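Chemist: Provided below are the primary sequence and the corresponding predicted coordinates.
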Amino acid sequence: MRPSLIIGNWKMHGSLDSVRQLLTAILAQSESMASSTRIGVCPSFVHLPLAREILSGSSVSLGAQNAHAEEQGAYTGEVAAGMLAEMGLDYVLVGHSERRQLFAESDAEVAAKFLAVQKHGMQPVLCLGESLAEREKGISSEVVLGQLNAVIEAAGIEAFARAVIAYEPVWAIGTGKTASPEQAQEIHAAIRQRLAEKDAEIAANTLLLYGGSVKSGNAVELFSQADIDGGLVGGASLAADEFIAICNSAD
Ligand code: PGA
């Protein structure tokens, strides 16, 4: 039986004050959570030291939203995976659709980031998802599986024993439009099937998260689907009560 995992993606939000308040509230409420539910948060880079201090000794995991694939070098404004590993992080989001769309990250770059994150002992959360135009053309699975294949080819199927996958349809992110539980399950099943074609055990154990306008009002239905193991939550993770309500929907 796979555990549930809910990760909050705080994107470019927060201040030292609001991060302290949010984490303190999440910590206080997470104590009563089911032991089979894991939770994590991904604040901005600059808030990671504060978050690490507040979360130390707790069961709430910490992640970053991006990492550069190179070890070091003349990449002004970038942060290397090794630097993040020194912060004691558990997860790094890789290939979020905002990175793919707004910062033109290619499948090859996403795969390189995935490898760099694992090399430094952290788990990549590989984000996959189709655009609205692609869904309307009926090619959602092809697009998502194409993005997945690029990483399987670069990293090998064994690498997925130490990775999480998040399916996030681009048209559902921050739009208030959630994929229906059936639409999400269909793509999750296709992802698990693709993993299973390579390695049945890895497919059975890999956590597949859904992301895109997850809220407390739709989380129970989404998380009760056979191949949905939790969520990657943006906007709704910025309010402690709402985030905890979503986490409690997973048991
Ligand atoms: P959202 O974002 O929950 O605000 O739609 C999800 C994400 O981008 O990870």
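Modeler: Perfect, thanks for sending it. These numbers were taken from a predicted model, which means no experiment stands behind them.
Chemist: only C-alpha atoms from now on, for both contacts and neighbour counts.
Modeler: Noted.
Chemist: sketch out the low-pLDDT regions of the stretch 101-250 of the chain for me.
Modeler: By pLDDT under 70, the stretch 101-250 of the chain has no low-scoring segment.
Chemist: mind listing the strands for the chain?
Modeler: 4-9, 37-42, 61-64, 91-94, 123-128, 164-167, 207-211, 230-233 (DSSP state E).
Chemist: got CSV for the ones you listed, with distance to the ligand too?
Modeler: Shown next, in CSV, are those (distance: least, Cα to the nearest ligand atom, whole Å):
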stretch, distance to the ligand
strand 4-9, 6
strand 37-42, 10
strand 61-64, 12
strand 91-94, 9
strand 123-128, 8
strand 164-167, 8
strand 207-211, 5
strand 230-233, 4
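Chemist: got these as JSON lines, with distance to residue 81 and mean neighbour count columns?
Modeler: Formatted as JSON lines, the entries for the strands of the chain read as follows, by distance: least, Cα to Cα, whole Å; neighbours: other Cα atoms under 10 Å:
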{"stretch": "strand 4-9", "distance to residue 81": "18", "mean neighbour count": "24"}
{"stretch": "strand 37-42", "distance to residue 81": "14", "mean neighbour count": "22"}
{"stretch": "strand 61-64", "distance to residue 81": "10", "mean neighbour count": "25"}
{"stretch": "strand 91-94", "distance to residue 81": "9", "mean neighbour count": "28"}
{"stretch": "strand 123-128", "distance to residue 81": "10", "mean neighbour count": "26"}
{"stretch": "strand 164-167", "distance to residue 81": "17", "mean neighbour count": "24"}
{"stretch": "strand 207-211", "distance to residue 81": "22", "mean neighbour count": "29"}
{"stretch": "strand 230-233", "distance to residue 81": "21", "mean neighbour count": "29"}
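Chemist: JSON lines please, covering those strands and showing distance to residue 82.
Modeler: Shown next, in JSON lines, are the strands of the chain (distance: least, Cα to Cα, whole Å):
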{"stretch": "strand 4-9", "distance to residue 82": "21"}
{"stretch": "strand 37-42", "distance to residue 82": "17"}
{"stretch": "strand 61-64", "distance to residue 82": "12"}
{"stretch": "strand 91-94", "distance to residue 82": "11"}
{"stretch": "strand 123-128", "distance to residue 82": "13"}
{"stretch": "strand 164-167", "distance to residue 82": "19"}
{"stretch": "strand 207-211", "distance to residue 82": "24"}
{"stretch": "strand 230-233", "distance to residue 82": "24"}
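Chemist: out of those, which gets nearest to residue 152?
Modeler: strand 123-128 (11.1 Å; Cα to Cα).
Chemist: give me the sheet partners of the closest one and which way each runs.
Modeler: Partner strands and pairing direction for strand 123-128 (DSSP bridges) are strand 91-94 (parallel), strand 164-167 (parallel).
Chemist: could I get the contacting residues of the closest residue to residue 176 other than its chain neighbours?
Modeler: Closest residue in space to residue 176, ignoring its immediate chain neighbours: residue 213 at 5.2 Å, by Cα to Cα, 6 or more residues apart in numbering. Counting by Cα atoms under 8 Å, 6 or more residues apart in numbering, residue 213 touches 172-178, 233-236.
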